[in-house]
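A.B. asks: I'd like to go over a predicted model; first the sequence, then the structure.
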Amino acid sequence: MSNTQIDSLLKSLFDTERIQYNREYNKISKIHKYWSRKPWYVIEQHIIKYTEPNQTVLDPFCGSGAVGLEAVLNNRRFIGYDLNPAAVFVSKNTLDLGFDVVQFDTEASQIETQVKSDIMKLYALDENTYIRYLLPGKHSKDYNCVTTDYNFKKKQNIHVGDEVLKKQFIIPDGFSYPDKDFPEKFYKDRFSYKGVRKVSDMFSSRNLYALAILFNYLHNARLRYKDLFLLAFTNTLLHVSKLKAENVRPLSVNNYWIPDDYIEENVIWRFLDRVENVRTAKLLIEERRRFNDAKCTPAYKIYNKSSIQLGDIEDQSIDYILTDPPYGDAIQYSELSYIWNCWLQKEFKIKDEVVINPVQNKGIDEFQEQLNNFFSNAKRVLKHSGHFTLCFQNKDMRIWLGIIQSLKNIGFDLHNIEVYDTFGSPYNRHWAKFSPKSDLYVTFKNIAPACRKLGKVAPEHIIQHIVQYLRSNDSNAFDLNKGYDLFVMAVIKSVFTNYEIESIETLDLKKIISMFEWDTPNANRPATSSKNTQLQFSF
């Protein structure tokens, strides 16, 4: 790769472009917790850029349904796949348009009337005081309970005795709840050493009883919006489990970790809060639908199947593919969705899960093979000259190189690379130094890449040239993670121009950043970065 090409990449890194969007619509993502949500406005831009109305968009790893929602709101057809039943449940409820807020509010009031008094009895200290949350674990503050009135309008900190903190509740016969064992081996197990063996062990006896009351009513009631209320219920579960502390959000570290100072939160209070999130999200979706003038009846299909084969899709029938596949071992979807799927009475068929997980006997080679199968079928179903945007990031260059070489060998050509900061406030952005802080949107075209002269380039050459550029442009506040993004962009470009990066298999994010730190002036100064930053390089 020439210095001129590297200069072009560097210029794109600093010539940032802001995307104008309505920040109020970010609240749609609060309809349910899910991982790796991408900025809706970035997804919308890609769909508008690469498709026309009534064309078909495919997301083979649809997750929370963000791509599907942007497709139908912009009058495109959508097909989604996901092996995770919880993801399919979230996606279908998100994409179900035509929300009647009056009916929803009526049913929400009905639920509250039927279950609130029975649940609040479990948290009553006297006729006027109810537990909002308890602090049964280790805690340094001078209280161990936060109380409120019946309607949650007042709050005070008080002490309660062991008779409240340690009280055990027995669930009467007739109430169903998941008492299923966790699998014997979790790849990321940070709970069994605390005696948690079953799903029910993740909850205090008080909260399990309250959840059973609420779940059984929702399961048996005749409600038009039953699934939306079950969506709010599943989004309540982790907040009222032992995974939450006063200053720790559930799954903030991407595993089932039980902090010593976990809290016991009032179930009905949290559920009503999650119901309000669903209500807000659905109203904003309807507002966007009217604003976009999305007149057509939403046409979408979501399959609870593996995306490896795409067997339900005809050859060359898809106009555009936009997807965010698993990032190796970073997020263990089957493990992290286990509690949700048990309450939903669904089974995650992990045999076909695309993941790196030693417990499932899936390493880098198995992960790469599964992605290769997917890429081959993506090429089969995508129309000739159609575009395929892969949203991906990984700190291991072996995985990056394998993916890029596979796409090139299968017959995709490189079209564009863009970089955006991750959506929301993920753990990696703030706490994990050697984890990517952004996502690369790499767009390919379904045409065979041109054959060019083969050359070689050393990683040190790319990095040294970046350092020289920084010095000449006085970039004192350079973000080292942006340097990693730039390095990956250069590698992708190199592969598609038949350059070989020497010894790249030995590099990962930590090593690459350390190479920048060694020679970058003022690299340790606070980095300046915007959540709405775009880095772009077109070929």
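C.D. replies: Nice, thanks for sending it over. Numbers count the residues shown, from 1 in each chain.
A.B. asks: quick check: longest helix of the chain.
C.D. replies: Using DSSP state H to define each element, the chain has its longest helix at helix 267-291.
A.B. asks: for the strand ranked longest in the chain, packing partners?
C.D. replies: For the chain, the strand that runs over the most residues, judged by DSSP state E, is strand 382-392. The helices and strands touching strand 382-392, judged by 3 or more Cβ pairs under 8 Å, 6 or more residues apart in numbering; DSSP states H and E, are helix 40-50, strand 318-323, helix 397-410, strand 438-445. The C-beta positions use only the backbone N, C-alpha and C, and glycine is treated the same way.
A.B. asks: if we can go back for a sec, helices or strands next to the helix or strand just after the longest helix of the chain in the packing?
C.D. replies: Sequence-wise, the next helix or strand downstream of helix 267-291 (DSSP states H and E) is strand 300-303. Under the contact criterion of 3+ Cβ pairs under 8 Å, 6+ apart, strand 300-303 touches helix 66-73, strand 77-81, helix 85-95.
A.B. asks: run the last query once more with 7 Å
C.D. replies: With contacts defined as 3 or more Cβ pairs under 7 Å, 6 or more residues apart in numbering; DSSP states H and E, strand 300-303 has these neighbours: strand 77-81, helix 85-95.
A.B. asks: Check which helices and strands the last one sits against.
C.D. replies: Same thing as helix 85-95. Using 3+ Cβ pairs under 7 Å, 6+ apart, the elements in contact with helix 85-95 are helix 66-73, helix 226-237, strand 300-303, helix 338-343.
A.B. asks: How far does that helix sit from its chain's centre?
C.D. replies: Distance of helix 85-95 from its chain centroid, counting by Cα atoms, centre = their mean, to the nearest Å, is 13 Å.
A.B. asks: ok so, going back, nearest to N372 among the helices and strands packed on strand 300-303 would be which one?
C.D. replies: strand 77-81 (16.8 Å; Cβ to Cβ).
A.B. asks: And the contacts of that closest one?
C.D. replies: Here strand 77-81 makes contact (Cβ atoms under 7 Å, 6 or more residues apart in numbering) with 54-60, 62, 65, 68, 71-72, 91, 299-303, 305, 307, 313.
A.B. asks: wait, I258 sits on D189?
C.D. replies: No. Using Cβ atoms under 7 Å as the test, I258 is too far from D189 to be in contact (11.0 Å).
A.B. asks: Who has more neighbours out of the two?
C.D. replies: More crowded of I258 and D189, by other Cβ atoms under 10 Å: I258, with 21 against 17.
A.B. asks: Tell me which residues touch that one, please.
C.D. replies: With the criterion set at Cβ under 7 Å, 6+ apart, I258 makes contact with 191, 194, 196, 242-243.
A.B. asks: hmm, which of these are the buried ones?
C.D. replies: Among the contacts of I258, those buried by neighbour count (16 or more other Cβ atoms under 10 Å) are 191, 196, 242-243.
A.B. asks: Need the max-distance pair from those residues.
C.D. replies: V196 and L243 (10.0 Å).
A.B. asks: For these two, list the residues in contact with both.
C.D. replies: In contact with both V196 and L243: 202, 258, using Cβ under 7 Å, 6+ apart.
A.B. asks: circling back to that earlier point, just list what the longest helix of the chain packs against, helices and strands only.
C.D. replies: Using 3+ Cβ pairs under 7 Å, 6+ apart: helix 267-291 touches helix 101-121, helix 205-220, helix 226-237.
A.B. asks: Using JSON lines, lay out these together with mean neighbour count.
C.D. replies: Output for the helices and strands packed on helix 267-291, formatted as JSON lines (neighbours: other Cβ atoms under 10 Å):
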{"stretch": "helix 101-121", "mean neighbour count": "15"}
{"stretch": "helix 205-220", "mean neighbour count": "20"}
{"stretch": "helix 226-237", "mean neighbour count": "22"}
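A.B. asks: G161 versus the residue nearest to I308 when sequence neighbours are not counted, what's the distance?
C.D. replies: The shortest distance from I308 to any non-neighbouring residue, by Cβ to Cβ, 6 or more residues apart in numbering, is to N373 (4.7 Å). Going from N373 to G161 by Cβ to Cβ, to the nearest Å gives 60 Å.
A.B. asks: Any idea what I131 is bridged to?
C.D. replies: T147 (DSSP bridges).
A.B. asks: what residues are up against it?
C.D. replies: I131 sits next to 123, 125, 145, 147, 266 when contact means Cβ under 7 Å, 6+ apart.
A.B. asks: Mind doing that once more with 10 Å?
C.D. replies: Residues near I131 by Cβ atoms under 10 Å, 6 or more residues apart in numbering: 120, 122-125, 145-148, 158, 160, 164, 206, 264-266, 269.
A.B. asks: Report the buried members of those.
C.D. replies: Here, 16+ other Cβ under 10 Å leaves 120, 122-123, 145-148, 160, 164, 206, 264-266, 269 buried among the contacts of I131.
A.B. asks: follow-up on the earlier one: comparing N373 and G161, which shows the higher neighbour count?
C.D. replies: More crowded of N373 and G161, by other Cβ under 10 Å: N373, with 16 against 10.
A.B. asks: Doesn't that one belong to a helix?
C.D. replies: Yes. Judged by DSSP: H, G, I helix; E, B strand; the rest coil, N373 forms part of a helix.
A.B. asks: Any figure for the gap between L73 and L228?
C.D. replies: Distance from L73 to L228, by Cβ to Cβ: 18 Å.
A.B. asks: thinking again about what came up before, direction included, what does the longest strand of the chain pair against?
C.D. replies: strand 318-323 (parallel), strand 438-445 (antiparallel).
A.B. asks: residues in contact with the nearest residue to F175 once chain neighbours are set aside?
C.D. replies: In space, and not counting its chain neighbours, F175 is closest to A212: 4.0 Å by Cβ to Cβ, 6+ apart. Counting by Cβ under 10 Å, 6+ apart, A212 touches 119, 169, 171-172, 174-178, 200, 203, 267.
A.B. asks: As a markdown table, the residues you listed with secondary structure and distance to L223 would be great.
C.D. replies: What follows is these, written out as a markdown table (DSSP: H, G, I helix; E, B strand; the rest coil; distance: Cβ to Cβ, whole Å):
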| residue | secondary structure | distance to L223 |
| --- | --- | --- |
| I119 | helix | 18 |
| F169 | coil | 27 |
| I171 | coil | 23 |
| P172 | coil | 23 |
| G174 | coil | 20 |
| F175 | coil | 19 |
| S176 | coil | 18 |
| Y177 | coil | 20 |
| P178 | coil | 21 |
| S200 | helix | 25 |
| F203 | coil | 24 |
| V267 | helix | 19 |
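A.B. asks: so where is this structure shaky, pLDDT-wise?
C.D. replies: Applying pLDDT under 70 to the chain flags residues 1-18, 137-141, 294-297, 423-436, 452-454, 469-481, 517-539.
A.B. asks: how does it look with 80?
C.D. replies: 1-20, 136-142, 293-298, 421-437, 449-457, 460-483, 486, 499-539 (pLDDT under 80).
A.B. asks: Which neighbours do I258 and D189 have in common?
C.D. replies: V196.
A.B. asks: hmm, which of the contacts of strand 77-81 are the buried ones?
C.D. replies: 55-60, 62, 65, 68, 71-72, 91, 300, 302-303, 305, 307, 313.
A.B. asks: If you drop the residues flanking it in sequence, what lies closest to L310?
C.D. replies: That would be N377: by Cβ to Cβ, 6+ apart, it lies 4.5 Å from L310.
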